[in-house]
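[1] this is a predicted model, with the sequence first.
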Amino acid sequence: MLRARDLRVSRLGQQRSATHGSGRCSALSRYGRNRTLESARSTFSRTRKESNINSQASKLLMSFSADSALEYLQRAHTKNRLAHAYLISGPVGSGKSRVASGFAAALNKTTPEKVLQAQAPDVFVTEPASRSRRIVMDQIRALQRALQLRTVSDHRKIGIIRDADRMQTQAANAFLKTLEEPPQNSLLLLLTALPEALPETIVSRCLSLPLRFSSAATLSAEEIELLRLLCASAEEKSRGIEKAYRISQGIQSLLNGIRDEIRVEHAEALKREETRYRHTTDGVWLSEREDYYKAVTESVYRERRGRLIETLFLWWADVLRAKVAKAQRLLQNCTEATEKVAAQLKTAEILKRLRRLEEMRDHLNTTAQEALVLEVGCLHIFC
């Protein structure tokens, strides 16, 4: 009995040992699989991140000059391979309007000046006109009706939408139907400095034609002053809060000067109209003109503010070009400064600052307080 009992205990111990060992091996196996999965996920995440960085860098570094874009469109027309819609994008000064007006003029045998002034037959130009610089539903409806009209002789019906990213959501949805079912013998040219602000449904239905900034483009006084501020900041070794705050204050000072300049100009125009028409019109008309100039003041201010923000994009695009050893620079006079900034940052960090700049630009187009948006944005971009 004793031996049998000892035998049973011995077998039980062996079973427990085997079970425990099996469990430990199973746990080790699971641990190994988990480590393998974690490693795979990490590799995938890193690869995807690098792919996103390379994709964003390519978008910034690969583009047409205005002349080469115009030649490309003319060749496509000659070979009868013209698309029904083109998205012509690029920063301020890249020549978007020159490409669109030049090509439309060549197609319909007119002049670029008449195209830009909306005086060319069968060429219809739509652009932001409201106080908030938005393209509204009524404007898109008017363009759709115009594209349905008969053409003069053998002309092509051409619709040009300037600042296409300013379309309201409803207007963009309505315009999508025109892209999906374009009128016969029509051509649509969408111009924008912010293609990423357009709905993907619109972008995917257009042939993209990105333009690069032309060094021959004329910069405004405030844009030149902003570049001086950025070049001076590049000489500083620190990238602290104080530096970001100074840049923010500098931008706000430039914007205040722009707003004051526009207000004075429009106030003088209104005063001339009041003097001229005071005795020939009623007070209602003058009141409406006052409201009109208020709306135009805000619209022009937003446009010039947008140009100033685009100058920041040009600066950071040059920093990226310096980082990847791209010889050609957009801002020739800032080459040394952008190279210094590039030497302090990794490519991923430069792209992160570009994304922060995009966020700041988007927030400026909301009802958020302008000064606060600029201060927070500059902290993320320059700190």
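    Done, it's in.
[2] can you point out the buried residues in the helix or strand where residue 271 lies?
    Using DSSP states H and E, the element containing residue 271 is helix 241-277. Across helix 241-277, burial judged by 16 or more other Cβ atoms under 10 Å covers 243-244, 246-248, 250-251, 254-255, 258-259, 262, 266, 270, 273. All C-beta atoms are positioned from the backbone trio N, CA, C, and that covers glycine.
[3] got it, and stretch 143-152?
    Using 16+ other Cβ under 10 Å as the test for burial, stretch 143-152 gives 143, 144, 146, 147, 151.
[4] distance from the lengthiest strand in the chain to the middle of the chain?
    Using DSSP state E, we find that the single longest strand of the chain is strand 186-192. Relative to its chain's centre, strand 186-192 lies at 17 Å (Cα atoms, centre = their mean, to the nearest Å).
[5] all further residue positions should be reported with the first residue as 812.
    Okay, using 812 as the starting number, the last item reads as strand 997-1003.
[6] need the per-residue pLDDT for the residue nearest the centre of the chain.
    With distances taken as Cα atoms, centre = their mean, residue 1005 lies nearest the centre of the chain, 2.6 Å away. On the pLDDT scale, residue 1005 is placed at 81.
[7] near residue 1032, how many other residues are there?
    For residue 1032, the tally of surrounding residues (other Cβ atoms under 10 Å) stands at 11.
[8] ah, wrong one, I meant residue 999
    Using other Cβ under 10 Å, residue 999 is surrounded by 24 other residues.
[9] wait, it sits on residue 894?
    No - with contact defined as Cβ atoms under 8 Å, residue 999 does not count as touching residue 894 (9.1 Å).
[10] give me the common contacts of the two.
    Residues touching both residue 999 and residue 894 by Cβ atoms under 8 Å, 6 or more residues apart in numbering: residue 1017.
[11] packing partners for the helix or strand following the helix holding residue 1082?
    Using DSSP H and E, the helix or strand that follows helix 1052-1088 in sequence is helix 1094-1134. When contacts are defined as 3 or more Cβ pairs under 8 Å, 6 or more residues apart in numbering; DSSP states H and E, helix 1094-1134 sits against helix 813-872, helix 1032-1045, helix 1052-1088, helix 1146-1155, helix 1158-1175.
[12] hey, least reliable of these by pLDDT?
    Among the helices and strands packed on helix 1094-1134, helix 813-872 scores lowest, at a mean of 45.
[13] just the C-alphas of the following helix or strand past it, formatted as PDB.
    Per DSSP H and E, the first helix or strand lying C-terminal to helix 813-872 is helix 877-889. Taking C-alpha atoms only, helix 877-889 is exported to PDB below (Å, rounded to 0.1, in the frame of the first residue of the first chain):
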ATOM      1  CA  ALA A 877       4.600  78.800 -64.900                       C
ATOM      2  CA  ASP A 878       6.100  78.700 -68.400                       C
ATOM      3  CA  SER A 879       6.600  74.900 -68.400                       C
ATOM      4  CA  ALA A 880       3.000  74.400 -67.100                       C
ATOM      5  CA  LEU A 881       1.600  76.600 -69.900                       C
ATOM      6  CA  GLU A 882       3.700  74.600 -72.500                       C
ATOM      7  CA  TYR A 883       2.400  71.300 -70.900                       C
ATOM      8  CA  LEU A 884      -1.300  72.500 -71.300                       C
ATOM      9  CA  GLN A 885      -0.700  73.600 -74.900                       C
ATOM     10  CA  ARG A 886       0.900  70.200 -75.800                       C
ATOM     11  CA  ALA A 887      -2.000  68.400 -74.300                       C
ATOM     12  CA  HIS A 888      -4.400  70.500 -76.400                       C
ATOM     13  CA  THR A 889      -2.400  69.900 -79.600                       C
END
